[in-house]
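Participant: Please work out how this folds:
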Amino acid sequence: MGPLLIAACASLTAWLWLALAQGMFWRTDVRLPPRTDPARWPSVAVVVPARDEAEVLPLSLPSLLAQDYPGAARVILVDDGSSDGTAALARRLAAERPGLPLTVVSPPEPPPGWTGKLWALRHGIAHARDTRTTDVGAGPGAGPEYLLLTDADIAHAPDSLRELVAAATSADLDLVSQMARLRVAGFWERLVVPAFVYFFAQLYPFRRINSPASRTAAAAGGCVLLRTDAAVRAGIPDSIRQAVIDDVSLARAVQDHGGRIWLGLAERAESVRPYPDLADLWRMVSRSAYAQLRHRPVLLAGTVAGLVLVYLVPPAALVAGLAAGRPALAWAGGLAWLLMAGTYLPMVRHYGQPAALAPLLPLTALLYLLMTVDSAVQHYRGRGAAWKGRTYARPGDA
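Facilitator: Got it, this is the predicted structure:
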């Protein structure tokens with residue numbers, strides 16, 4: 001038995017395990033749990049960190065201001081040192097469109113040890129909980145009962161907040177998060193974006209996250225409804241202030257302090273940020289890929305080897321087996337590739353893409369492999385995780 005056949009059989013075994021034993025990660029039917037309207041709608045503060053978001057804000061902020069929420073709610077936009085007029089644009093949009101009240105706050109530059117987004121969230125949450133700034137009728141106690149943490153590029157359907165709160169109160173959840181539907185328009189977005197969500201779900205199977213008996217924890221940072229009491233217990237965001245992958249760290253902190261968490265695919269939230277070129281998508285992935293591996297070379301080597309074995313060996317084995325007349329090699333590679341494409345197909349369809357895209361996952365995995373290696377290279381060049389003019393040389397993993 002040659003080395004390639006051994007690798008192909010190992011890959012096939014890995015895909016059998018992934019398909020059958022990895023929390024059914026490939027299914028795309030994990031949506032908000034059953035819910036009913038609460039007897040009293042709790043107060044909510046929507047906190048939006050924004051740094052140079054003038055391009056997308058006209059598509060996202062009006063959707064938040066227009067939320068059809070029966071309880072007390074308001075929006076706090078944290079202008080994180082923008083140079084493109086984000087704050088002024090936000091105020092103008094609020095003046096033009098009556099709806100939820102908007103407050104714009106501008107914190108100073110983050111001190112050492114803080115990532116920009118978490119520093120902005122800290123100020124937004126502190127402002128929301130300040131009783132001197134809490135709206136009349138916002139509910140009992142100091143500040144809002146829930147916080148909706150959402151990115152500046154996420155547009156919400158009018159009933160998004162209402163449904164999130166109903167889900168949280170009905171199931172007694174401390175954190176409800178949804179993976180917003182990302183934009184898929186151009187060629188590179190079609191090739192890379194569905195796989196981004198697929199890989200995330202493979203690492204963090206939604207069904208395991210949502211099981212009270214599981215210790216798997218993750219969230220999608222673009223849309224997180226968080227009970228304020230749970231945030232206080234977990235010390236959010238101070239306890240995760242260095243985290244570049246802040247959503248996973250946030251969910252883990254809430255879970256570690258006894259909170260119940262839930263994550264699924266969104267039906268009422270979508271990203272309006274375009275990634276028209278491969279370079280844009282490359283930066284999105286590579287800025288945090290090595291942080292996900294805790295900046296450990298051994299984890300990088302294992303990840304590269306795993307990507308090669310699981311995603312690249314099957315097509316190579318199929319082609320080599322057919323070319324050399326080796327049926328066993330071709331069958332092992334072909335079956336592994338078939339399982340790969342079959343588990344990817346539901347996500348491809350979720351994004352409204354043709355089924356022919358599913359067999360191209362090895363090509364996409366190769367791109368992600370190169371992005372991950374580039375992330376490590378940038379780290380060791382001292383550039384770390386860079387985003388909108390800020391560089392975090394050695395972010396904490398929290």
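Participant: what ranges do the strands span in the stretch 1-150 of the chain?
Facilitator: 44-50, 73-79, 102-105, 146-150 (DSSP state E, counting those that start in this stretch).
Participant: Would you mind giving the ones you listed as a markdown table with distance to Ala87, mean neighbour count and mean pLDDT added?
Facilitator: From N, CA and C alone the C-beta is placed, and that goes for glycine too. Converted to a markdown table, the strands of the stretch 1-150 of the chain look like this (distance: least, Cβ to Cβ, whole Å; neighbours: other Cβ atoms under 10 Å; pLDDT from 0 to 100):
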| stretch | distance to Ala87 | mean neighbour count | mean pLDDT |
| --- | --- | --- | --- |
| strand 44-50 | 8 | 27 | 97 |
| strand 73-79 | 4 | 25 | 97 |
| strand 102-105 | 5 | 18 | 96 |
| strand 146-150 | 17 | 27 | 98 |
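Participant: Helices along this structure, start to end?
Facilitator: Using DSSP state H, the helices of the chain run over 3-21, 57-65, 86-96, 116-129, 160-171, 187-203, 206-209, 228-234, 246-256, 278-292, 297-307, 313-324, 327-350, 361-380.
Participant: Quickly, which of those helices bottoms out on average pLDDT?
Facilitator: Mean pLDDT per stretch puts helix 278-292 lowest among these, at a mean of 89.
Participant: What is that helix packed up against?
Facilitator: Where contact means 3 or more Cβ pairs under 8 Å, 6 or more residues apart in numbering; DSSP states H and E, helix 278-292 is packed against helix 187-203, helix 361-380, strand 385-387.
Participant: So which bits of that helix are buried?
Facilitator: Residues 278, 281-292 are the ones in helix 278-292 that count as buried (16 or more other Cβ atoms under 10 Å).
Participant: The helices and strands packed on helix 278-292: which one's closest to Ala50?
Facilitator: Across the helices and strands packed on helix 278-292, Ala50 has its closest neighbour in strand 385-387 (13.0 Å, Cβ to Cβ).
Participant: Give the rounded mean pLDDT of that closest one.
Facilitator: Mean pLDDT, strand 385-387: 56.
Participant: ok so, going back, what about the helices and strands packed on helix 278-292, which gets the closest to Ser63?
Facilitator: helix 187-203 (20.5 Å).
Participant: Quick one: neighbours of the residue lying closest to Leu5 once chain neighbours are set aside, just the number.
Facilitator: Closest residue to Leu5 apart from its sequence neighbours, by Cβ to Cβ, 6 or more residues apart in numbering: Leu329 at 4.9 Å. Neighbour count of Leu329, defined by other Cβ atoms under 10 Å: 25.
Participant: wait, isn't Leu329 in contact with Gly321?
Facilitator: Yes. At 3.4 Å, Leu329 counts as touching Gly321 under the criterion of Cβ atoms under 8 Å.
Participant: Now the common contact residues for the two.
Facilitator: Ala8 (Cβ atoms under 8 Å, 6 or more residues apart in numbering).
Participant: need the contact list for Ile236.
Facilitator: By Cβ under 8 Å, 6+ apart, the contact set of Ile236 is Ile125, Leu226, Ala230, Leu250, Ala253, Val254.
Participant: Next one: it from Trp26, what distance?
Facilitator: Per Cβ to Cβ, to the nearest Å, Ile236 is found 31 Å from Trp26.
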